[in-house]
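Participant: coordinates for the following, if possible.
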Amino acid sequence: MEKHILVALPLSAAQRDTIRQAVPGFQYRFTTQEAATREEILWADAILGNVPVELIRQNRKLAWFQSNFAGPDPYLEPGVLPPDCIVTNATGAYGLAISEWMLGMWLALAKDLQLYRDRQHRHQWDAIQRPVRSVAGARVLCVGLGDIGSSFARRAHALGAQVVGVRRRAAPAPDYCLRVVGIDHLDEELPQADLVALSLPGTPETAGLFDAARLARCKPGAILLNVGRGSAVDCDALAEAVNSGALYGAALDVTEPEPLPPEHPLWDLDTVLITPHISGRFSLPRTLENIVGIFAHNLRLYAAGQPLDNQISRRTRYVSDDVPGCRLTCE
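Facilitator: Okay, the predicted model is just below:
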C-alpha cells in the first residue's frame with residue numbers, strides 16, 4: 001500500500017535519494033523542521049524529523065513518527081501523537097559525536113586547558129602551580145549506558161581508564177567495563193569515581209537524581225559531565241559543590257532550566273564549561289548520515305510490515321525491552 005512520507009530535515013540530494021530508494025513505491029515530500037506546513041504534516045502517514053508539536057498533534061492518523069533525537073520527550077506527552085502511533089528515535093546516531101564532546105571536555109578539565117585559555121585572553125604567560133590529572137588509571141562512572149554512554153565508556157577504556165557502568169538494572173559487563181551495576185548501587189560507586197559521566201534520558205526516575213545529597217557523595221575533587229537531560233542535575237547544588245571545592249569542575253551541554261539565567265553562578269566558575277546543547281544535533285556531519293541510515297532501514301521494515309527498530313517505549317520513554325525491534329548502532 002502506498003504511504004505518504006514527510007521528511008523534515010536539511011538533507012542533501014544524495015541523502016534524499018537514499019530515502020526514496022529504500023522504498024520507491026511510497027510518496028515523499030522533503031522540507032525542514034522550520035518550514036514544515038500544517039498541510040504537509042496532515043498529509044503524512046509517517047514523519048521523520050521533529051516538526052512543531054502544535055502541528056503534529058493535529059494529525060490523528062499518523063502511524064509512525066521517527067524522531068531525529070534520542071529523547072523525543074515533548075512528543076511522548078499524552079495527546080500529542082495518536083495512541084497507536086509507533087515512535088522511533090535516533091539511538092545509534094549520536095554516540096560518536098557526543099562521546100567525543102565528552103572526551104574533549106574531560107581532557108580540557110583534566111589538563112586545565114580552559115584556565116590557560118582564560119590566561120591567554122589576558123595575554124598572561126603564567127603556569128598553574130599544581131599537578132594536572134591523568135585519564136589513564138582514572139575511575140570513570142558512566143551513569144546511563146545506552147548508545148551515548150557506551151560510546152564514551154569504550155573511548156575512556158581505550159585511554160586506560162577503569163570504567164564502571166550504571167543502568168536501571170545490573171547487567172553482564174562488556175569488555176570495556178569493570179562491572180555494570182543497577183541504579184540502586186549508584187551511591188556505592190560515587191565515592192570511587194574521578195569522573196561521573198551522565199547520559200540519562202528524561203524520566204520521572206532521573207529528574208533531580210543528582211541533588212545536593214548525591215553530589216555530596218561524589219569523590220572529593222571529582223569532575224561531572226552531563227549530556228543527557230539537564231533535569232538530572234540540580235544546577236544550584238552543582239554550583240555550590242564546585243565553588244566549595246567538593247567537586248573540581250563540570251562540563252554541561254544540558255542544564256535545568258535551559259538556558260541558565262544570566263545571573264546563575266555556574267557561568268562564572270573557572271572550572272565549569274557550558275555549551276548550548278550542541279554536542280549532538282548535526283554539528284558532526286556523520287550524525288545526519290546516521291539518521292538517514294536509521295530511517296531508510298526502518299522504512300524497509302515499515303513497508304514489509306515488520307516491527308521497526310529503535311522503538312520508544314511510552315512507559316520508559318526510551319528504547320527498552322517492552323517494545324518490539326532492537327536498538328541500532330551506527331559506529
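Participant: show me where pLDDT drops low in the stretch 201-331 of the chain?
Facilitator: 320-322, 331 (pLDDT under 70).
Participant: apply 80 and report the result again.
Facilitator: Confidence mapping of the stretch 201-331 of the chain against pLDDT under 80 gives the ranges 316-325, 327, 329-331.
Participant: strands of that one, start to end?
Facilitator: Taking DSSP state E, counting those that start in this stretch as the criterion, the stretch 201-331 of the chain contains strands spanning 222-226, 247-252, 272-274.
Participant: with adjacent residues omitted, what lies nearest to the residue nearest in space to the middle of the chain?
Facilitator: Ranked by distance to the mean C-alpha position of the chain (Cα atoms, centre = their mean), the top residue is residue 228 at 4.6 Å. Of all residues not flanking residue 228 in the chain, residue 200 sits nearest, at 3.9 Å (Cβ to Cβ, 6 or more residues apart in numbering). C-beta coordinates here come from the backbone N, C-alpha and C atoms, glycine included.
Participant: equivalent analysis for residue 71, please.
Facilitator: Leaving aside its sequence neighbours, residue 71 sits nearest to residue 201 (Cβ to Cβ, 6+ apart; 5.2 Å).
Participant: and the average pLDDT for whichever strand or helix holds residue 96 is what?
Facilitator: With secondary structure defined by DSSP states H and E, residue 96 is part of helix 95-110. Helix 95-110 carries an average pLDDT of 98.
Participant: tell me what angle that helix forms with strand 222-226.
Facilitator: Here helix 95-110 runs at 150 degrees with respect to strand 222-226, directions being taken by axes from the mean of the first three to the mean of the last three Cα atoms, to 10 degrees.
Participant: and helix 95-110, how far out from the chain's middle?
Facilitator: When C-alpha coordinates are averaged (Cα atoms, centre = their mean, to the nearest Å), helix 95-110 and its chain have centres 13 Å apart.
Participant: so what does it touch, helix or strand wise?
Facilitator: Taking 3 or more Cβ pairs under 8 Å, 6 or more residues apart in numbering; DSSP states H and E as the contact definition, the neighbouring helices and strands of helix 95-110 are helix 147-158, strand 195-198, strand 222-226, strand 247-252, strand 272-274, helix 285-304.
Participant: mind doing that once more with 10 Å?
Facilitator: helix 113-121, helix 147-158, strand 195-198, strand 222-226, strand 247-252, strand 272-274, helix 285-304 (3 or more Cβ pairs under 10 Å, 6 or more residues apart in numbering; DSSP states H and E).
Participant: among those, which is the most enclosed?
Facilitator: Relative to the other members of the helices and strands packed on helix 95-110, strand 195-198 carries the highest mean neighbour count by mean count of other Cβ atoms under 10 Å, namely a mean of 27.
Participant: surely the residue nearest to residue 71 meets residue 254?
Facilitator: No - Residue 201 is beyond contact range of residue 254, at 11.5 Å (criterion: Cβ atoms under 10 Å).
Participant: anything in contact with each of these two?
Facilitator: Shared contacts of residue 201 and residue 254 (Cβ atoms under 10 Å, 6 or more residues apart in numbering): 228, 229, 232.
Participant: gap between residue 324 and residue 269?
Facilitator: Computed as Cβ to Cβ, to the nearest Å, the residue 324 to residue 269 distance reads 45 Å.
Participant: which of the two has more residues huddled nearby?
Facilitator: residue 269 (16 against 10; other Cβ atoms under 10 Å).
Participant: list the contacts of the more buried one.
Facilitator: Contacts of residue 269 were listed using Cβ under 10 Å, 6+ apart, and they are 238, 239, 242, 243, 249, 250.
Participant: test my guess that the third one contacts residue 248.
Facilitator: Spelled out, it's residue 242. Yes - when contacts are counted by Cβ under 10 Å, residue 242 is listed as touching residue 248 (7.4 Å).
Participant: common neighbours of these two, please.
Facilitator: Both residue 242 and residue 248 are in contact with 223, 224, 271, 272, where contact means Cβ under 10 Å, 6+ apart.
Participant: please name the bridge partners of the closest residue to the third one other than its chain neighbours.
Facilitator: To tie it back to what came earlier, the one meant is residue 271. Here the nearest residue to residue 271 in space, its sequence neighbours aside, is residue 249; by Cβ to Cβ, 6+ apart that works out to 3.0 Å. Per DSSP bridges, residues listed as beta-bridge partners of residue 249: residue 223.
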